[in-house]
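Participant: Mind folding the following:
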Amino acid sequence: MVDIIHRIGIKAPVSKVQAAVSTVEGVAGWWTRDTTGSARAGGKVNVRFLHNGGAEIGQMDFEVTKLEPARVEWRFVGGPEEWLGTRATFELAQDGDMTVLLFGHRGWKEAIEFTAHCSTKWAVFLMSLRDLLETGKGKPAPDDLKIDNWN
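Facilitator: This next block holds a predicted model:
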């Protein structure tokens, strides 16, 4: 199994970072505006990625499998084949005036070109999460930084 892992510091309390990764409104503020569903424990969330013109690039469904004070976990149940059964983990720790977020997209079957693309895009979206919490404005899709011809 292969894991994507990123670590980022965010100048915000753990509670605000957790809300941004564990609510539909929060996820819509940094990952993709087109986020719907129920982000409660056991709930299912759908995220859609669109081009600026409105055409769909792709979508995923995830279940919220853990919702704890310093840990949130999603399990992907719909979307690209490579994502099915993988998990996104958000581990949060307060360190002075910042929250350190250890993010993982865990359980990939193999490291392939798509894994590399997704790793870079996760980094882009984690910077969007930091912007949302530190400035009040993230860069969710479709306004995210484009890294290649897949988005």
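
Participant: Kindly list the longest helix within the chain.
Facilitator: As assigned by DSSP state H, the longest helix anywhere in the chain is helix 113-135.

Participant: Mind listing what's buried along that one?
Facilitator: Residues of helix 113-135 classed as buried under the neighbour-count rule (16 or more other CB atoms under 10 Å) are 115, 118-119, 121-123, 125-133. Every residue, glycine included, has its C-beta placed from N, CA and C.

Participant: Would you enumerate the residues in contact with the residue lying closest to Phe125 once chain neighbours are set aside?
Facilitator: Taking CB to CB, 6 or more residues apart in numbering, and ignoring the residues beside it in sequence, Phe125 has Trp31 as its nearest neighbour in space, at 5.3 Å. For Trp31, the contacting residues are 47, 125, 128-129, 140-141, taking CB atoms under 8 Å, 6 or more residues apart in numbering as the criterion.

Participant: need these in JSON lines with distance to Ala20 and pLDDT, can you?
Facilitator: Listed next are the contacts of Trp31 as JSON lines, based on distance: CB to CB, whole Å; pLDDT from 0 to 100:
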{"residue": "Val47", "distance to Ala20": "14", "pLDDT": "97"}
{"residue": "Phe125", "distance to Ala20": "11", "pLDDT": "98"}
{"residue": "Ser128", "distance to Ala20": "10", "pLDDT": "98"}
{"residue": "Leu129", "distance to Ala20": "6", "pLDDT": "98"}
{"residue": "Pro140", "distance to Ala20": "11", "pLDDT": "97"}
{"residue": "Ala141", "distance to Ala20": "15", "pLDDT": "96"}
